[in-house]
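>>> Structure here, sequence nowhere to be found:
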(Lines give C-alpha, C1' and ligand atoms only; values in the text may rest on other atoms or scores of the structure.)
Protein backbone atom coordinates (compact mmCIF):
# COMPACT_ATOMS: atom_id res chain seq x y z
CA UNK A 1 0.00 0.00 0.00
CA UNK A 2 2.64 2.66 0.89
CA UNK A 3 4.43 1.97 -2.36
CA UNK A 4 1.19 2.25 -4.28
CA UNK A 5 0.24 5.51 -2.47
CA UNK A 6 3.65 7.00 -3.17
CA UNK A 7 3.28 6.06 -6.82
CA UNK A 8 -0.11 7.82 -7.01
CA UNK A 9 1.30 10.98 -5.42
CA UNK A 10 4.26 10.88 -7.77
CA UNK A 11 1.96 10.64 -10.75
CA UNK A 12 -0.22 13.45 -9.38
CA UNK A 13 2.78 15.74 -8.92
CA UNK A 14 4.00 14.96 -12.42
CA UNK A 15 0.57 15.76 -13.84
CA UNK A 16 0.42 19.02 -11.88
CA UNK A 17 3.76 20.27 -13.14
CA UNK A 18 3.32 19.29 -16.76
CA UNK A 19 -0.35 20.12 -17.25
CA UNK A 20 -0.66 22.80 -20.01
CA UNK A 21 -3.20 24.85 -18.01
CA UNK A 22 -2.72 26.58 -14.67
CA UNK A 23 -3.85 24.63 -11.60
CA UNK A 24 -4.10 26.02 -8.11
CA UNK A 25 -5.61 25.11 -4.73
CA UNK A 26 -6.79 27.58 -2.09
CA UNK A 27 -8.28 27.33 1.37
CA UNK A 28 -11.56 28.94 2.34
CA UNK A 29 -9.78 32.22 3.08
CA UNK A 30 -8.46 32.46 -0.47
CA UNK A 31 -4.88 31.58 0.51
CA UNK A 32 -2.81 29.49 -1.91
CA UNK A 33 -2.15 25.94 -0.71
CA UNK A 34 -0.48 24.65 -3.87
CA UNK A 35 0.02 25.63 -7.54
CA UNK A 36 1.59 24.11 -10.61
CA UNK A 37 4.49 25.55 -12.60
CA UNK A 38 2.19 27.18 -15.16
CA UNK A 39 0.52 29.22 -12.42
CA UNK A 40 3.91 30.05 -10.92
CA UNK A 41 4.97 31.54 -14.28
CA UNK A 42 1.95 33.83 -14.30
CA UNK A 43 2.54 34.93 -10.73
CA UNK A 44 6.22 35.52 -11.47
CA UNK A 45 7.68 33.36 -8.68
CA UNK A 46 10.70 31.07 -8.83
CA UNK A 47 9.36 28.41 -6.50
CA UNK A 48 5.96 27.17 -5.58
CA UNK A 49 6.78 27.59 -1.87
CA UNK A 50 6.84 31.39 -2.32
CA UNK A 51 3.11 31.35 -3.00
CA UNK A 52 1.84 29.22 -0.10
CA UNK A 53 -0.15 31.28 2.41
CA UNK A 54 -0.50 34.28 0.10
CA UNK A 55 -3.61 35.50 -1.74
CA UNK A 56 -4.44 36.98 -5.15
CA UNK A 57 -4.10 40.44 -3.57
CA UNK A 58 -0.34 39.79 -3.29
CA UNK A 59 0.05 39.24 -7.04
CA UNK A 60 -2.74 40.87 -9.05
CA UNK A 61 -4.27 44.36 -9.38
CA UNK A 62 -6.87 45.00 -6.66
CA UNK A 63 -9.87 44.88 -8.96
CA UNK A 64 -8.86 41.50 -10.39
CA UNK A 65 -8.05 40.05 -6.97
CA UNK A 66 -11.32 41.35 -5.50
CA UNK A 67 -13.39 39.78 -8.29
CA UNK A 68 -11.62 36.43 -7.81
CA UNK A 69 -12.17 36.55 -4.06
CA UNK A 70 -15.89 37.29 -4.47
CA UNK A 71 -16.30 34.45 -6.98
CA UNK A 72 -14.56 32.00 -4.60
CA UNK A 73 -16.64 33.07 -1.60
CA UNK A 74 -19.78 32.54 -3.69
CA UNK A 75 -18.60 28.99 -4.49
CA UNK A 76 -17.94 28.26 -0.81
CA UNK A 77 -21.34 29.65 0.19
CA UNK A 78 -23.37 27.93 -2.54
CA UNK A 79 -21.33 24.82 -3.23
CA UNK A 80 -21.67 25.50 -6.95
CA UNK A 81 -18.87 25.65 -9.53
CA UNK A 82 -18.01 28.46 -11.95
CA UNK A 83 -17.15 27.14 -15.40
CA UNK A 84 -15.37 28.72 -18.37
CA UNK A 85 -15.57 32.29 -17.11
CA UNK A 86 -13.45 34.62 -19.28
CA UNK A 87 -11.23 36.92 -17.24
CA UNK A 88 -8.55 39.46 -18.09
CA UNK A 89 -5.44 38.64 -16.04
CA UNK A 90 -2.37 40.81 -15.49
CA UNK A 91 0.85 38.80 -15.30
CA UNK A 92 3.79 39.65 -13.07
CA UNK A 93 5.63 41.28 -16.00
CA UNK A 94 2.70 43.65 -16.57
CA UNK A 95 1.38 41.98 -19.69
CA UNK A 96 -2.31 41.19 -19.93
CA UNK A 97 -3.78 37.90 -21.06
CA UNK A 98 -7.22 36.37 -21.29
CA UNK A 99 -8.00 33.23 -19.26
CA UNK A 100 -10.92 30.81 -19.34
CA UNK A 101 -11.41 30.07 -15.64
CA UNK A 102 -13.13 27.10 -14.02
CA UNK A 103 -13.37 26.94 -10.21
CA UNK A 104 -15.00 24.27 -8.05
CA UNK A 105 -15.32 23.49 -4.35
CA UNK A 106 -13.13 20.87 -2.60
CA UNK A 107 -14.93 18.78 0.02
CA UNK A 108 -13.60 16.56 2.81
CA UNK A 109 -14.88 13.10 3.65
CA UNK A 110 -17.75 14.65 5.61
CA UNK A 111 -18.82 16.69 2.59
CA UNK A 112 -17.71 19.99 4.07
CA UNK A 113 -16.15 22.57 1.71
CA UNK A 114 -12.56 23.02 2.78
CA UNK A 115 -11.14 24.87 -0.21
CA UNK A 116 -11.20 25.80 -3.89
CA UNK A 117 -9.59 24.19 -6.94
CA UNK A 118 -9.05 26.36 -10.00
CA UNK A 119 -8.04 25.55 -13.57
CA UNK A 120 -7.37 28.38 -16.02
CA UNK A 121 -6.53 28.19 -19.72
CA UNK A 122 -4.83 30.93 -21.72
CA UNK A 123 -7.32 31.95 -24.46
CA UNK A 124 -5.55 35.16 -25.49
CA UNK A 125 -4.96 34.02 -29.07
CA UNK A 126 -8.56 32.90 -29.49
CA UNK A 127 -9.89 36.03 -27.81
CA UNK A 128 -7.71 38.27 -29.97
CA UNK A 129 -8.86 36.45 -33.10
CA UNK A 130 -12.49 36.88 -32.04
CA UNK A 131 -11.95 40.57 -31.25
CA UNK A 132 -10.23 41.11 -34.59
CA UNK A 133 -13.02 39.29 -36.33
CA UNK A 134 -15.59 41.43 -34.53
CA UNK A 135 -13.69 44.60 -35.46
CA UNK A 136 -13.56 43.51 -39.07
CA UNK A 137 -17.26 42.73 -38.99
CA UNK A 138 -18.01 46.14 -37.46
CA UNK A 139 -15.84 47.83 -40.08
CA UNK A 140 -17.62 45.87 -42.80
CA UNK A 141 -20.99 46.82 -41.33
CA UNK A 142 -19.96 50.48 -41.33
CA UNK A 143 -18.77 50.17 -44.91
CA UNK A 144 -21.95 48.37 -45.93
CA UNK A 145 -24.31 50.76 -44.20
CA UNK A 146 -22.51 54.01 -45.08
CA UNK A 147 -21.20 53.21 -48.55
CA UNK A 148 -22.20 55.75 -51.21
CA UNK A 149 -22.80 52.74 -53.46
CA UNK A 150 -26.20 51.06 -53.25
CA UNK A 151 -25.69 47.51 -51.95
CA UNK A 152 -28.15 44.64 -51.52
CA UNK A 153 -27.32 41.30 -49.88
CA UNK A 154 -28.88 38.23 -51.53
CA UNK A 155 -28.90 34.76 -49.95
CA UNK A 156 -28.23 31.48 -51.75
CA UNK A 157 -31.85 31.44 -52.94
CA UNK A 158 -31.30 34.88 -54.52
CA UNK A 159 -33.66 36.52 -52.03
CA UNK A 160 -33.08 39.90 -50.40
CA UNK A 161 -31.66 39.77 -46.87
CA UNK A 162 -30.30 43.27 -46.32
CA UNK A 163 -29.89 46.63 -48.05
CA UNK A 164 -27.91 49.74 -47.19
CA UNK A 165 -29.04 53.35 -46.96
CA UNK A 166 -27.70 54.27 -50.40
CA UNK A 167 -29.78 51.49 -51.97
CA UNK A 168 -32.87 52.74 -50.12
CA UNK A 169 -32.34 56.29 -51.37
CA UNK A 170 -31.53 55.12 -54.90
CA UNK A 171 -34.64 52.97 -55.38
CA UNK A 172 -37.03 54.14 -52.62
CA UNK A 173 -37.60 50.76 -50.94
CA UNK A 174 -37.20 49.98 -47.22
CA UNK A 175 -35.86 46.60 -46.18
CA UNK A 176 -39.18 45.39 -44.77
CA UNK A 177 -40.81 45.95 -48.18
CA UNK A 178 -38.49 43.63 -50.12
CA UNK A 179 -36.87 41.35 -47.52
CA UNK A 180 -37.15 37.66 -48.36
CA UNK A 181 -38.29 38.39 -51.91
CA UNK A 182 -36.69 38.42 -55.36
CA UNK A 183 -35.13 41.80 -56.07
CA UNK A 184 -35.84 41.66 -59.79
CA UNK A 185 -39.59 41.98 -59.35
CA UNK A 186 -39.13 45.39 -57.74
CA UNK A 187 -36.40 47.20 -59.65
CA UNK A 188 -35.97 45.48 -63.04
CA UNK A 189 -38.05 46.73 -66.01
CA UNK A 190 -40.35 44.01 -67.32
CA UNK A 191 -38.55 43.80 -70.65
CA UNK A 192 -35.22 43.23 -68.85
CA UNK A 193 -36.30 40.55 -66.34
CA UNK A 194 -34.84 37.62 -68.28
CA UNK A 195 -31.55 39.41 -68.86
CA UNK A 196 -31.29 40.37 -65.17
CA UNK A 197 -31.95 36.79 -64.06
CA UNK A 198 -29.17 35.53 -66.31
CA UNK A 199 -26.75 38.06 -64.82
CA UNK A 200 -27.59 36.94 -61.29
CA UNK A 201 -27.19 33.27 -62.27
CA UNK A 202 -23.81 34.05 -63.79
CA UNK A 203 -22.75 35.83 -60.60
CA UNK A 204 -23.79 32.84 -58.44
CA UNK A 205 -21.83 30.72 -60.91
CA UNK A 206 -18.69 32.69 -60.05
CA UNK A 207 -18.55 34.97 -63.11
CA UNK A 208 -17.71 38.55 -62.20
CA UNK A 209 -19.12 41.33 -64.34
CA UNK A 210 -19.78 45.05 -64.58
CA UNK A 211 -22.65 46.25 -66.68
CA UNK A 212 -24.53 49.45 -67.33
CA UNK A 213 -28.28 49.02 -67.12
CA UNK A 214 -31.54 50.78 -66.27
CA UNK A 215 -33.43 49.95 -63.09
CA UNK A 216 -36.74 51.18 -61.67
CA UNK A 217 -37.32 53.47 -58.69
CA UNK A 218 -40.32 52.75 -56.49
CA UNK A 219 -42.06 55.77 -58.03
CA UNK A 220 -41.68 54.28 -61.52
CA UNK A 221 -38.85 56.51 -62.73
CA UNK A 222 -35.87 54.90 -64.45
CA UNK A 223 -32.42 55.05 -62.90
CA UNK A 224 -29.30 54.46 -65.05
CA UNK A 225 -26.86 52.39 -62.99
CA UNK A 226 -23.57 50.55 -63.17
CA UNK A 227 -24.06 47.06 -61.67
CA UNK A 228 -21.36 44.85 -60.19
CA UNK A 229 -21.94 41.59 -58.31
CA UNK A 230 -19.53 40.21 -55.70
CA UNK A 231 -20.09 36.57 -54.67
CA UNK A 232 -19.55 35.45 -51.06
CA UNK A 233 -17.55 32.22 -50.85
CA UNK A 234 -17.30 29.84 -47.89
CA UNK A 235 -15.21 26.72 -48.31
CA UNK A 236 -14.95 27.42 -52.02
CA UNK A 237 -18.74 27.51 -52.46
CA UNK A 238 -20.78 30.63 -53.23
CA UNK A 239 -23.40 30.99 -50.51
CA UNK A 240 -24.54 34.58 -51.04
CA UNK A 241 -24.09 37.66 -53.20
CA UNK A 242 -23.56 41.37 -52.80
CA UNK A 243 -25.09 43.30 -55.69
CA UNK A 244 -23.76 46.85 -55.97
CA UNK A 245 -25.46 49.68 -57.83
CA UNK A 246 -23.81 52.97 -58.76
CA UNK A 247 -26.14 55.75 -59.85
CA UNK A 248 -24.70 57.14 -63.10
CA UNK A 249 -27.52 59.60 -63.80
CA UNK A 250 -25.25 62.65 -63.54
CA UNK A 251 -22.58 60.99 -65.67
CA UNK A 252 -25.20 60.17 -68.31
CA UNK A 253 -26.46 63.75 -68.31
CA UNK A 254 -22.92 65.07 -68.61
CA UNK A 255 -22.13 62.56 -71.35
CA UNK A 256 -25.27 63.53 -73.23
CA UNK A 257 -24.37 67.20 -72.87
CA UNK A 258 -20.90 66.55 -74.25
CA UNK A 259 -22.32 64.53 -77.14
CA UNK A 260 -24.79 67.34 -77.94
CA UNK A 261 -21.96 69.88 -77.85
CA UNK A 262 -19.87 67.69 -80.12
CA UNK A 263 -22.76 67.32 -82.56
CA UNK A 264 -23.24 71.08 -82.58
CA UNK A 265 -19.53 71.70 -83.14
CA UNK A 266 -19.42 69.05 -85.85
CA UNK A 267 -22.37 70.67 -87.60
CA UNK A 268 -20.66 74.05 -87.32
CA UNK A 269 -17.35 72.71 -88.67
CA UNK A 270 -19.10 70.92 -91.49
CA UNK A 271 -20.85 74.16 -92.40
CA UNK A 272 -17.58 76.13 -92.24
CA UNK A 273 -15.68 73.66 -94.42
CA UNK A 274 -18.62 73.43 -96.80
CA UNK A 275 -18.92 77.20 -97.17
CA UNK A 276 -15.17 77.74 -97.54
CA UNK A 277 -15.01 75.02 -100.19
CA UNK A 278 -17.98 76.52 -102.06
CA UNK A 279 -16.56 80.04 -101.90
CA UNK A 280 -13.20 78.80 -103.19
CA UNK A 281 -15.02 76.91 -105.95
CA UNK A 282 -16.83 80.13 -106.95
CA UNK A 283 -13.52 82.00 -106.96
CA UNK A 284 -11.93 79.24 -109.05
CA UNK A 285 -14.84 79.40 -111.49
CA UNK A 286 -14.49 83.17 -111.82
CA UNK A 287 -10.79 82.78 -112.62
CA UNK A 288 -11.63 80.14 -115.20
CA UNK A 289 -14.20 82.44 -116.84
CA UNK A 290 -11.68 85.27 -116.83
CA UNK A 291 -9.16 83.01 -118.53
CA UNK A 292 -11.67 82.23 -121.26
CA UNK A 293 -12.33 85.91 -121.83
CA UNK A 294 -8.72 86.85 -122.50
CA UNK A 295 -6.53 85.88 -125.42
CA UNK A 296 -3.29 86.84 -123.67
CA UNK A 297 -1.35 83.54 -123.15
CA UNK A 298 0.65 84.96 -120.24
CA UNK A 299 -2.47 86.10 -118.42
CA UNK A 300 -4.17 82.79 -119.16
CA UNK A 301 -1.25 80.92 -117.56
CA UNK A 302 -1.30 83.16 -114.48
CA UNK A 303 -5.04 82.69 -114.10
CA UNK A 304 -4.69 78.91 -114.54
CA UNK A 305 -1.95 78.72 -111.88
CA UNK A 306 -4.06 80.79 -109.49
CA UNK A 307 -7.05 78.59 -110.19
CA UNK A 308 -4.95 75.49 -109.47
CA UNK A 309 -3.77 76.92 -106.12
CA UNK A 310 -7.32 77.74 -105.10
CA UNK A 311 -8.44 74.26 -106.06
CA UNK A 312 -5.74 72.73 -103.86
CA UNK A 313 -7.09 74.73 -100.88
CA UNK A 314 -10.69 73.83 -101.73
CA UNK A 315 -9.70 70.18 -101.88
CA UNK A 316 -8.27 70.42 -98.36
CA UNK A 317 -11.61 71.68 -97.02
CA UNK A 318 -13.46 69.03 -98.99
CA UNK A 319 -11.35 66.33 -97.35
CA UNK A 320 -11.94 67.82 -93.90
CA UNK A 321 -15.65 67.77 -94.64
CA UNK A 322 -15.51 64.12 -95.72
CA UNK A 323 -13.26 62.87 -92.88
CA UNK A 324 -15.03 61.67 -89.71
CA UNK A 325 -13.06 63.82 -87.26
CA UNK A 326 -13.41 67.11 -89.22
CA UNK A 327 -10.09 68.06 -87.64
CA UNK A 328 -7.66 66.25 -89.91
CA UNK A 329 -7.21 64.80 -93.38
CA UNK A 330 -5.54 61.65 -94.61
CA UNK A 331 -2.57 62.72 -96.74
CA UNK A 332 -2.50 59.75 -99.12
CA UNK A 333 -6.08 60.22 -100.30
CA UNK A 334 -5.64 63.98 -100.52
CA UNK A 335 -2.53 63.60 -102.70
CA UNK A 336 -4.30 61.09 -104.95
CA UNK A 337 -7.26 63.46 -105.44
CA UNK A 338 -4.95 66.43 -105.98
CA UNK A 339 -3.20 64.56 -108.81
CA UNK A 340 -6.55 63.88 -110.50
CA UNK A 341 -7.63 67.50 -110.11
CA UNK A 342 -4.40 68.72 -111.71
CA UNK A 343 -4.79 66.26 -114.59
CA UNK A 344 -8.20 67.74 -115.35
CA UNK A 345 -7.00 71.34 -115.00
CA UNK A 346 -3.88 70.80 -117.11
CA UNK A 347 -5.50 68.26 -119.46
CA UNK A 348 -2.71 65.76 -118.79
CA UNK A 349 -3.68 62.15 -119.54
CA UNK A 350 -2.48 59.09 -117.63
CA UNK A 351 -1.04 57.72 -120.87
CA UNK A 352 1.30 60.70 -121.18
CA UNK A 353 2.38 60.99 -117.52
CA UNK A 354 2.03 58.08 -115.14
CA UNK A 355 1.92 58.96 -111.41
CA UNK A 356 2.96 56.35 -108.85
CA UNK A 357 2.02 57.00 -105.22
CA UNK A 358 3.53 55.09 -102.29
CA UNK A 359 2.37 56.52 -98.98
CA UNK A 360 2.36 55.66 -95.28
CA UNK A 361 -0.70 56.66 -93.29
CA UNK A 362 -0.31 60.31 -92.30
CA UNK A 363 -3.02 62.54 -90.81
CA UNK A 364 -2.65 66.33 -90.87
CA UNK A 365 -4.59 69.07 -89.11
CA UNK A 366 -5.70 72.21 -90.96
CA UNK A 367 -2.63 74.22 -89.88
CA UNK A 368 -0.36 71.87 -91.83
CA UNK A 369 -2.78 70.56 -94.45
CA UNK A 370 -3.40 73.92 -96.18
CA UNK A 371 0.24 75.00 -96.69
CA UNK A 372 1.31 71.46 -97.58
CA UNK A 373 -1.57 71.14 -100.05
CA UNK A 374 -0.53 74.34 -101.85
CA UNK A 375 3.15 73.26 -101.76
CA UNK A 376 2.32 69.88 -103.32
CA UNK A 377 0.20 71.68 -105.89
CA UNK A 378 3.19 73.86 -106.89
CA UNK A 379 5.58 70.89 -107.08
CA UNK A 380 3.22 68.66 -109.09
CA UNK A 381 2.07 71.49 -111.38
CA UNK A 382 5.68 72.26 -112.29
CA UNK A 383 6.37 68.56 -112.92
CA UNK A 384 3.30 68.17 -115.16
CA UNK A 385 3.94 71.40 -117.09
CA UNK A 386 7.72 71.52 -117.49
CA UNK A 387 9.25 68.05 -116.98
CA UNK A 388 7.79 66.58 -120.16
CA UNK A 389 7.81 69.17 -122.98
CA UNK A 390 6.34 68.61 -126.43
CA UNK A 391 4.01 65.85 -125.21
CA UNK A 392 6.79 63.56 -124.04
CA UNK A 393 5.77 60.63 -121.90
CA UNK A 394 7.15 60.14 -118.39
CA UNK A 395 6.68 59.17 -114.75
CA UNK A 396 6.21 61.00 -111.48
CA UNK A 397 6.89 59.05 -108.29
CA UNK A 398 5.50 60.34 -105.00
CA UNK A 399 6.81 58.75 -101.79
CA UNK A 400 5.34 59.70 -98.41
CA UNK A 401 7.13 58.16 -95.43
CA UNK A 402 6.49 58.49 -91.71
CA UNK A 403 8.73 57.50 -88.80
CA UNK A 404 7.17 58.51 -85.50
CA UNK A 405 6.31 62.20 -85.85
CA UNK A 406 8.74 62.74 -88.73
CA UNK A 407 7.28 62.93 -92.26
CA UNK A 408 9.25 63.03 -95.48
CA UNK A 409 7.69 63.60 -98.92
CA UNK A 410 9.65 63.12 -102.12
CA UNK A 411 8.34 63.96 -105.59
CA UNK A 412 10.62 62.73 -108.40
CA UNK A 413 10.09 62.81 -112.15
CA UNK A 414 12.17 61.37 -115.01
CA UNK A 415 11.78 64.44 -117.18
CA UNK A 416 14.25 66.91 -118.65
CA UNK A 417 15.36 68.40 -115.34
CA UNK A 418 15.55 72.06 -114.30
CA UNK A 419 17.23 74.72 -116.43
CA UNK A 420 20.92 75.04 -115.56
CA UNK A 421 20.64 78.79 -115.02
CA UNK A 422 17.71 78.50 -112.54
CA UNK A 423 18.62 79.97 -109.13
CA UNK A 424 16.17 78.44 -106.66
CA UNK A 425 17.29 80.72 -103.81
CA UNK A 426 17.04 84.03 -105.61
CA UNK A 427 14.44 83.38 -108.28
CA UNK A 428 11.77 86.03 -108.84
CA UNK A 429 9.28 83.33 -109.88
CA UNK A 430 6.05 83.54 -107.89
CA UNK A 431 5.83 79.75 -107.73
CA UNK A 432 9.34 79.32 -106.33
CA UNK A 433 8.89 82.16 -103.79
CA UNK A 434 5.60 80.60 -102.77
CA UNK A 435 7.24 77.21 -102.21
CA UNK A 436 9.84 78.80 -99.89
CA UNK A 437 7.17 80.64 -97.90
CA UNK A 438 5.04 77.51 -97.56
CA UNK A 439 8.10 75.54 -96.44
CA UNK A 440 8.70 78.15 -93.73
CA UNK A 441 5.06 77.85 -92.58
CA UNK A 442 5.52 74.11 -92.19
CA UNK A 443 8.89 74.61 -90.45
CA UNK A 444 10.12 72.07 -92.98
CA UNK A 445 13.34 71.41 -94.84
CA UNK A 446 13.23 71.75 -98.65
CA UNK A 447 15.80 70.07 -100.89
CA UNK A 448 15.87 69.92 -104.67
CA UNK A 449 18.14 67.93 -106.96
CA UNK A 450 18.07 67.88 -110.77
CA UNK A 451 19.95 66.49 -113.75
CA UNK A 452 19.44 64.83 -117.09
CA UNK A 453 17.71 62.01 -115.16
CA UNK A 454 14.95 64.36 -113.98
CA UNK A 455 14.13 66.33 -110.85
CA UNK A 456 13.65 65.27 -107.21
CA UNK A 457 12.21 67.51 -104.51
CA UNK A 458 12.16 66.39 -100.87
CA UNK A 459 10.20 68.05 -98.06
CA UNK A 460 10.64 66.96 -94.42
CA UNK A 461 8.76 68.17 -91.35
CA UNK A 462 7.37 67.14 -87.97
CA UNK A 463 3.70 66.54 -87.17
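Nice, I can see it. Everything numeric in this text was worked out from a predicted model, so none of it was measured.
>>> ok, residue 117 touching residue 23?
Yes: in this structure, residue 117 sits in contact with residue 23. The criterion is CB atoms under 8 Å, and the distance is 7.5 Å. (Each C-beta comes from the backbone N, C-alpha and C, glycine too.)
>>> Reduced to three states, what does residue 383 come out as?
Recorded secondary structure, residue 383: helix (DSSP: H, G, I helix; E, B strand; the rest coil).
>>> Just give the number of residues close to it.
When neighbours are counted by other CB atoms under 10 Å, residue 383 registers 25.
>>> which residues touch it?
By CB atoms under 8 Å, 6 or more residues apart in numbering, the residues touching residue 383 are 396, 411, 413, 415, 455.
>>> now swap in residue 368 and tell me
Residue 368 makes contact with 442, 461, 463, according to CB under 8 Å, 6+ apart.
>>> possible to save those as TSV with distance to residue 162?
Supplementary listing: the contacts of residue 368 in TSV, determined by distance: CB to CB, whole Å:
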residue	distance to residue 162
442	66
461	65
463	58
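>>> what's the closest of those residues to residue 67?
Of all the contacts of residue 368, the one with the least separation from residue 67 (CB to CB) is residue 463, at 83.8 Å.
>>> follow-up on the earlier one: which of the contacts of residue 383 tops the neighbour count?
Going through those with other CB under 10 Å as the criterion, the one with the most neighbours is residue 413, at 27 neighbours.
>>> tell me which residues of the helix or strand hosting residue 374 are tucked away?
Taking DSSP states H and E as the definition, one finds residue 374 inside helix 366-386. For helix 366-386, burial by neighbour count (16 or more other CB atoms under 10 Å) applies to 366, 368-385.
>>> taking the contacts of residue 383 one by one, which sit in strands?
396, 411, 413, 455 (DSSP state E).
>>> export those to JSON lines and tack on distance to residue 294 and pLDDT?
As requested, the ones in strands among the contacts of residue 383 are arranged in JSON lines below (distance: CB to CB, whole Å; pLDDT from 0 to 100):
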{"residue": "396", "distance to residue 294": "30", "pLDDT": "94"}
{"residue": "411", "distance to residue 294": "31", "pLDDT": "95"}
{"residue": "413", "distance to residue 294": "30", "pLDDT": "94"}
{"residue": "455", "distance to residue 294": "31", "pLDDT": "93"}
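>>> Looking at those residues, which one is closest to residue 218?
residue 411 (70.8 Å).
>>> residues contacting that closest one?
Taking CB under 8 Å, 6+ apart, we find residue 411 in contact with 376, 379, 380, 383, 396, 397, 398, 456, 457.
>>> where exactly do the strands run in the stretch 1-150 of the chain?
Listed in chain order, the strands of the stretch 1-150 of the chain (DSSP state E, counting those that start in this stretch) span 22-27, 32-35, 82-90, 96-107, 113-122, 150-154.
>>> Would you mind pulling up the elements that the second one packs against?
In terms of contact count using 3 or more CB pairs under 8 Å, 6 or more residues apart in numbering; DSSP states H and E, strand 32-35 is assigned the packing partners strand 22-27.
>>> hmm, back to that, can you tell me which of the ones in strands among the contacts of residue 383 is nearest residue 348?
Nearest to residue 348 out of the ones in strands among the contacts of residue 383 is residue 396 (CB to CB; 10.1 Å).
>>> would you turn the strands of the stretch 1-150 of the chain into CSV with distance to residue 338, mean pLDDT and mean neighbour count?
Formatted as CSV, those follow (distance: least, CB to CB, whole Å; pLDDT from 0 to 100; neighbours: other CB atoms under 10 Å):
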stretch, distance to residue 338, mean pLDDT, mean neighbour count
strand 22-27, 99, 94, 20
strand 32-35, 105, 92, 19
strand 82-90, 90, 94, 14
strand 96-107, 88, 95, 17
strand 113-122, 90, 94, 18
strand 150-154, 58, 92, 21
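>>> any chance of these in TSV, with distance to residue 215 too?
Shown next, in TSV, are the strands of the stretch 1-150 of the chain (distance: least, CB to CB, whole Å):
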stretch	distance to residue 215
strand 22-27	60
strand 32-35	67
strand 82-90	47
strand 96-107	48
strand 113-122	53
strand 150-154	9
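>>> Among those, which comes closest to residue 208?
Taking CB to CB as the criterion, strand 150-154 is the member of the strands of the stretch 1-150 of the chain that comes nearest to residue 208, at 15.2 Å.
>>> So in that sheet, which strands flank the next helix or strand after that closest one, and in what orientation?
Reading on from strand 150-154 to the C-terminus, the next helix or strand found by DSSP H and E is strand 160-163. Using DSSP bridges, the strands paired with strand 160-163 are strand 150-154 (antiparallel).
>>> for the partner strand, the distance to its chain's centre please.
From the chain centre to the centre of strand 150-154 is a distance of 23 Å (CA atoms, centre = their mean, to the nearest Å).
>>> Not counting that strand itself, show me its contacts.
Applying CB under 8 Å, 6+ apart, the contact partners of strand 150-154 are 144, 160-164, 166-167, 169-171, 183, 200, 225, 240-247.
>>> Give me the domain ranges for this protein.
When the chain is parsed with automatic domain parsing, its domains come out as 14-123, 147-247, 253-462.
>>> and the closest residue to residue 365 other than its chain neighbours, how far is that from residue 230?
If you skip the residues right next to it in sequence, residue 365 has residue 328 as its closest partner in space, 5.2 Å away by CB to CB, 6 or more residues apart in numbering. Using CB to CB, to the nearest Å, one gets 44 Å for the distance from residue 328 to residue 230.
>>> Alright, I will stop here.
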